[in-house]
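1. My questions concern the predicted model and sequence given below.
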Amino acid sequence: MIKGFKEFIMRGNVVDLAVAVVIGAAFGAVVTAFVADIITPIIAAIGGKPDFAGLTFTVNKSTFRYGHFINQIVSFLIIAAVIYFVVVLPLNKLAERRQRKLAMGQPDPEPKPEDILLLEQIRDLLSAQRTA
């Protein structure tokens, strides 16, 4: 039972996922600090409110604190924009460029790993044996 768990944990995709979660949390902290220390003061300079956390309204003696929610929305939008413009957009451009090269008949710039080449050779040999 422990052996199976150890194999599960040591799989590449589980370890990669764990690393991604830790880096994502650290990135979130950096962006939150960026929003709190840079973006919010800029908004305050324009709108006159340094922090939205104090924004509230009251209905029947119940206080609704919507300012913190606004801060979180701003943080989320900035994180989403950074991920899109720094990660997603460049990767999409690279994929487009690669697809165009392949469509024009240019070989894939990345050499195939040796094991893939070996498997292709085996496939071709088996195919040739079947037709003979």
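-> Arrived safely. Numbering: from 1, shown residues only.
2. Not counting sequence-adjacent ones, nearest residue to residue 8?
-> Excluding the flanking residues, the one nearest residue 8 by C-beta to C-beta, 6 or more residues apart in numbering is residue 14, at 6.6 Å. C-beta here means a position set from N, CA and C on the backbone, and glycine is covered the same way.
3. likewise residue 68?
-> residue 53 (4.8 Å).
4. and residue 44, how many neighbours does it have?
-> Other residues within reach of residue 44, judged by other C-beta atoms under 10 Å, total 13.
5. Geometric centre of this structure: which residue is closest?
-> Geometric centre of the chain, nearest residue: residue 83, 6.2 Å, by C-alpha atoms, centre = their mean.
6. Now the phi/psi pair for the nearest residue to residue 55 once chain neighbours are set aside, please.
-> For residue 55, ignoring the flanking residues on the chain, the nearest one in space by C-beta to C-beta, 6+ apart is residue 67 at 3.2 Å. Main-chain dihedrals, residue 67, degrees, to the nearest 10: phi -70, psi -40.
7. and what of residue 63?
-> phi -100, psi 130.
8. Fine, thanks again, bye for now.
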